[in-house]
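Chemist: Whatever this is, show me its structure:
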Amino acid sequence: MATLLLELSLTRVFSVVFYYHFAFLAISIALFGLGAGGVLSYFLTQTGRDLFFAIGVISTLDALAVVVSLLIVLRPMPDAGFWSLAAVYFASALPFLLSGISVSLAIASTIERVDRVYFFDLLGAAAGCLLLIPFLNVLGGPSTVITASVLFAASASVWFGLARSARGRALGVALALTLVVLVVVNTGTRWIDVRYAKGRSVGQEELVQWNSLSRIAVRNENGNRTIVIDGDATTGIANFDFSNLSDNQRRDLESMGPGFPYAIRPGAKTLIIGPGGGWDVSRALASGSRDVTGVEINPIIANTVMRQKYPHWSNRLYLRPDVHIEVEDGRSFVRRTPEKYQLIQATLVDTWASTAAGAYSLSENNLYTTDAFRDYLTHLTDDGILAFSRWGFDPPRESLRLIALGRAALERLGETRPDRHFIVVREGGKQALEGWGALDTVIISRKPLEPEDLERARQAIEKHRFELVYMPGASSRNPFADFLNSRNPRDFFRTYPYDVSPVSDDKPFFFYTVQPEDVLRFLRMESTARADFKINLAIPTLFSLVGVSLLATLITLVLPPLVMRKKISSGSGASRFLPYFLFLGAGYILVQVALIQKLVMFLGHPIYALNVVVFSMLVASGLGSYFSARWIAGKDSRLLAVLFGVAGAVTLMALITGPVTSAAVGWPLFARIVVTMGIVAPPAFLMGMPFPSGLTRLERWHSPAVRWAWSLNAAASVLGSAGAIFIALYLGLRATMLTGAIFYLLAWLTVRLTRRGAAITAA
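Modeler: Numbering: from 1, shown residues only. Here you go, the predicted model:
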């Protein structure tokens, strides 16, 4: 419970203090620490100390290590150089290393009932998953991390009690109570809190609140209120009196790129995805709209800031009768609503912030896929338009990919002249284009644009001095015109210097435009003062992480024989069986990561996907472990049948998840959760059986190798968690799940080969 709570809460803290890429690193750190702890646990078995007392001491140190590592992570760090990151890595890994020692000792010492021990281990992890949301909402990120130390101290008191050490038990209880006081005091005073984020001070903040999505703060900047998301992304709180709107205020709203759509559709029935502080809502109202719906995924922004703490600052914008605010994932809302709109708008909807569910991910976004654009277009009236504003560069990346998505979606809906459906305008001159990025606004019409639409667009462009990038029959030669006029888009994508091909729900990585072969060129040549550098930096980070994961796995393969100071007998069959645990660790995490990403849209919220998927898998796998001794009963034939059953069940799940969730997407949330559990639980139940059964099988051959197997399983999970995103990025989420099934088939093959080898040895 403590370990999973610590792991997931660290993803949130890392996302704030560093960039969201490093939130993923928290998972790698946790799994690496658990694996290394399994190897080091061998030393403690040689000391002759009472097992319960030893684990009590380790748990006590673990509670203290959590607090120390948190202080190191939160300290000022002006740069993200090698030594700074190394300090963070090893400091953060220490609590997991100690936890790995504890769990490895417990499992190795109770191998005869490993099915029950592993069941309670997974059940505790599931409980830690459930605790994450309420703890983050109430306590905030740093205090939630400290809460994990309370649980470690509480476990220490239990172990000391089993060791009949009254002093140790009193120490554990006293430490736990002290840490509880620290949590309470820190929640009120923010004594231990984020002071520096992304290499700079967070400054003075009027309001700070955490949830599973992000850390939200409100700053007073020159008399204006700004909402800050994870210490980096910002959205100002709009402050307009629409009954007395001055000409200057109206001009300010209209002259920005996101105001351009309202020149084409003034007074439109509008849906705004990600309204934030209300600027797009204000633009809609200023144009004459009387029915505006905003879908904001973060309840702190929609409710706490805009409706409760700062309604006066926005002139009660989100409390107006003609403004309807829904707290939900934008894509999920679009899919379930029966309404149709004249205008659907999304302006820079991304925060580069890792959700707890996105801990395994880079920056996938199901708002920007061909499937999503088809959903948007089918929820438009015949005269309706989509409006997306993204960063513009030379050559274009994000805005051109929007065009590619729109063209693909329109062609799926039967439109034959996509070049007649688009307008692109740009806000910002050459300096912005070469620097951080200009702002491109892309208009996509459900039906071909009428002459009067084009005339209104021309007038707005001239009035507000936008740069015309593309308009039917009126634009110069550029990549937008070349693509829309090309008969074969694939030929265009093949020769274009960036990857701007359309992405689907199965590969929802809209932001990544750098191909693998161009990663080194990207690092050498790109300016760091660009928005897409910050985004695409995740790709070399991913490559590095895969390399580090491979190194960690190799170390775990080589280190145990040196630590144990004796080789595993080749005649025992144990050395040939050890890859089995590598395959199980990689297979399990591949399936879990892909499922989390796949079900975000279906459940309507990233944190729902995390909790429902991880909780369902842990509980079902725990039950599978509990019944494994009875079902498999030490028989290789039954273990082989279970492994083959896992591969088949995962393959079936990969094939049916998309169609089932598409059919049930409009159901109530409770029903969707039940459907998700129904999809996840059966294969997860079978997935819980092979690991404890494999440990029992290995123990018969060579007992010390059990700790090695535990370490290999954790190391493979490190590699699998990085590999899952790598596969999803280039092959898709379904392929990621199928790859997990292949790893279970490799485990099946390992059992077959060692079974044959064991039979030969016996003969």
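
Chemist: my guess is Q204 is in a strand, correct?
Modeler: No - checked against DSSP: H, G, I helix; E, B strand; the rest coil, Q204 lies outside a strand; its state is coil.

Chemist: thought it was touching E221?
Modeler: No - using Cβ atoms under 8 Å, Q204 makes no contact with E221, being 9.6 Å away. C-beta here means a position set from N, CA and C on the backbone, and glycine is covered the same way.

Chemist: Looking at these two, which one has more neighbours?
Modeler: When Q204 and E221 are compared for neighbours, E221 comes out ahead with 13 against 9, by other Cβ atoms under 10 Å.

Chemist: Quick check on the more buried one: phi, psi?
Modeler: Main-chain torsions, E221, degrees, to the nearest 10: phi -110, psi 100.

Chemist: now it: how far from G236?
Modeler: Per Cβ to Cβ, to the nearest Å, E221 is found 8 Å from G236.

Chemist: I679 now?
Modeler: Shown here: I679 relative to G236, a distance of 41 Å by Cβ to Cβ.

Chemist: okay, the two: which has more neighbours?
Modeler: Per other Cβ under 10 Å, whichever of I679 and G236 has more neighbours is I679, with 22 against 15.

Chemist: Distance check, the more buried one against Y498.
Modeler: Between I679 and Y498 the computed distance is 36 Å (Cβ to Cβ).

Chemist: S637 too?
Modeler: The gap separating S637 from Y498 is 53 Å, by Cβ to Cβ.

Chemist: Those two: which has the busier surroundings?
Modeler: More neighbours surround Y498 than the other of S637 and Y498, with 22 against 9 (other Cβ under 10 Å).

Chemist: neighbours around the spatially closest residue to the more buried one that is not a sequence neighbour, how many?
Modeler: Closest residue to Y498 apart from its sequence neighbours, by Cβ to Cβ, 6 or more residues apart in numbering: T513 at 4.4 Å. Neighbour count for T513, taken as other Cβ under 10 Å: 24.

Chemist: Mind listing residues that contact the helix or strand where E326 lies?
Modeler: Assessed by DSSP states H and E, E326 sits inside strand 323-327. Residues outside strand 323-327 that contact it (Cβ atoms under 8 Å, 6 or more residues apart in numbering): 275, 281, 285, 291-299, 302-303, 306-307, 317-318, 333.

Chemist: Could you list the buried residues of that strand?
Modeler: Buried residues in strand 323-327, counting neighbours by 16 or more other Cβ atoms under 10 Å, are found at V323, I325, E326, V327.

Chemist: what pairs with that strand, and is each one parallel or antiparallel?
Modeler: When sheet partners are counted by DSSP bridges, strand 323-327 sits next to strand 292-296 (parallel).

Chemist: after the strand it pairs with, next one along is what?
Modeler: helix 299.

Chemist: now for that next one, which elements pack on it?
Modeler: Using 3 or more Cβ pairs under 8 Å, 6 or more residues apart in numbering; DSSP states H and E, no helix or strand is in contact with helix 299.

Chemist: roughly how far is it from the heart of the chain?
Modeler: For helix 299, the separation from the chain centroid amounts to 18 Å (computed by Cα atoms, centre = their mean, to the nearest Å).

Chemist: I'd like the mean pLDDT over it, please.
Modeler: The pLDDT scores in helix 299 average 93.

Chemist: quick one: contacts of it?
Modeler: Helix 299 has contacts (Cβ under 8 Å, 6+ apart) with N211, V327.

Chemist: Stretch 444-464 too?
Modeler: 254-255, 259-260, 263-264, 373, 377, 380-388, 402, 406, 410, 415, 417, 420-423, 425, 443, 466, 468, 471-472, 474.

Chemist: switch to 6 Å and redo it
Modeler: 255, 260, 263-264, 377, 380, 382, 384-386, 406, 420-421, 423, 468 (Cβ atoms under 6 Å, 6 or more residues apart in numbering).

Chemist: Of those, just the buried ones, ChimeraX syntax please.
Modeler: To isolate the buried subset of these in ChimeraX, counting by 16+ other Cβ under 10 Å, use the following:
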select :260,263,264,377,380,384,385,386,406,420,421,423,468
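
Chemist: Among the contacts of stretch 444-464, which pair sits farthest apart?
Modeler: Using Cβ to Cβ, those span at most 29.2 Å, a distance reached by S255 and D382.

Chemist: now the strands for the stretch 401-550 of the chain?
Modeler: Here the stretch 401-550 of the chain has its strands, by DSSP state E, counting those that start in this stretch, at 422-427, 438-445, 467-470.

Chemist: Each with direction, which strands does the shortest one pair with?
Modeler: Which is strand 467-470. strand 422-427 (antiparallel).

Chemist: Taking strand 438-445 as reference, get the angle to the strand it pairs with.
Modeler: For strand 422-427 against strand 438-445, the angle by axes from the mean of the first three to the mean of the last three Cα atoms, to 10 degrees is 160 degrees.

Chemist: From G406, how far off is the closest residue to P76 other than its chain neighbours?
Modeler: Closest residue to P76 in three dimensions, ignoring its sequence neighbours and counting by Cβ to Cβ, 6+ apart: Y196, at 4.7 Å. From Y196 across to G406, the span is 40 Å (Cβ to Cβ).

Chemist: pLDDT weak spots in the stretch 601-750 of the chain?
Modeler: Scanning the stretch 601-750 of the chain for pLDDT under 70 picks out 606.

Chemist: where along it do the helices fall?
Modeler: For the stretch 601-750 of the chain, the helices defined by DSSP state H, counting those that start in this stretch occupy 606-632, 636-664, 669-687, 690-701, 705-730, 733-762.

Chemist: returning to that earlier point: any idea of the mean pLDDT for the strand holding E326?
Modeler: On average, the pLDDT along strand 323-327 is 96.

Chemist: Would you mind writing the CA trace of stretch 1-21 as CSV?
Modeler: Extracted in CSV, the C-alpha atoms of stretch 1-21 (Å, rounded to 0.1, in the frame of the first residue of the first chain):
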residue,chain,number,x,y,z
MET,A,1,0.0,0.0,0.0
ALA,A,2,2.7,2.4,1.0
THR,A,3,4.9,1.6,-2.0
LEU,A,4,2.2,2.1,-4.7
LEU,A,5,0.9,5.3,-3.0
LEU,A,6,4.5,6.7,-2.9
GLU,A,7,5.1,5.7,-6.6
LEU,A,8,1.9,7.4,-7.9
SER,A,9,2.2,10.5,-5.7
LEU,A,10,5.8,11.0,-6.9
THR,A,11,4.6,11.1,-10.5
ARG,A,12,2.5,14.2,-9.6
VAL,A,13,5.4,15.9,-7.7
PHE,A,14,7.8,15.1,-10.5
SER,A,15,5.4,16.5,-13.1
VAL,A,16,5.4,19.8,-11.2
VAL,A,17,9.1,20.1,-10.2
PHE,A,18,10.4,18.8,-13.5
TYR,A,19,8.7,18.5,-16.9
TYR,A,20,6.0,15.8,-17.4
HIS,A,21,8.6,13.5,-19.1
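
Chemist: Run the chain-centre distance for it.
Modeler: Worked out by Cα atoms, centre = their mean, stretch 1-21 lies 11 Å from the chain centre.

Chemist: Just the buried positions in that stretch, please.
Modeler: 1-21.

Chemist: again with stretch 293-300
Modeler: For stretch 293-300, a neighbour-count test (16+ other Cβ under 10 Å) marks T293, G294, V295, E296, I297, N298, P299, I300 as buried.

Chemist: Check stretch 728-748 too.
Modeler: Under the neighbour-count criterion of 16+ other Cβ under 10 Å, stretch 728-748 has 728-729, 732-748 buried.

Chemist: Thank you kindly, that will do.
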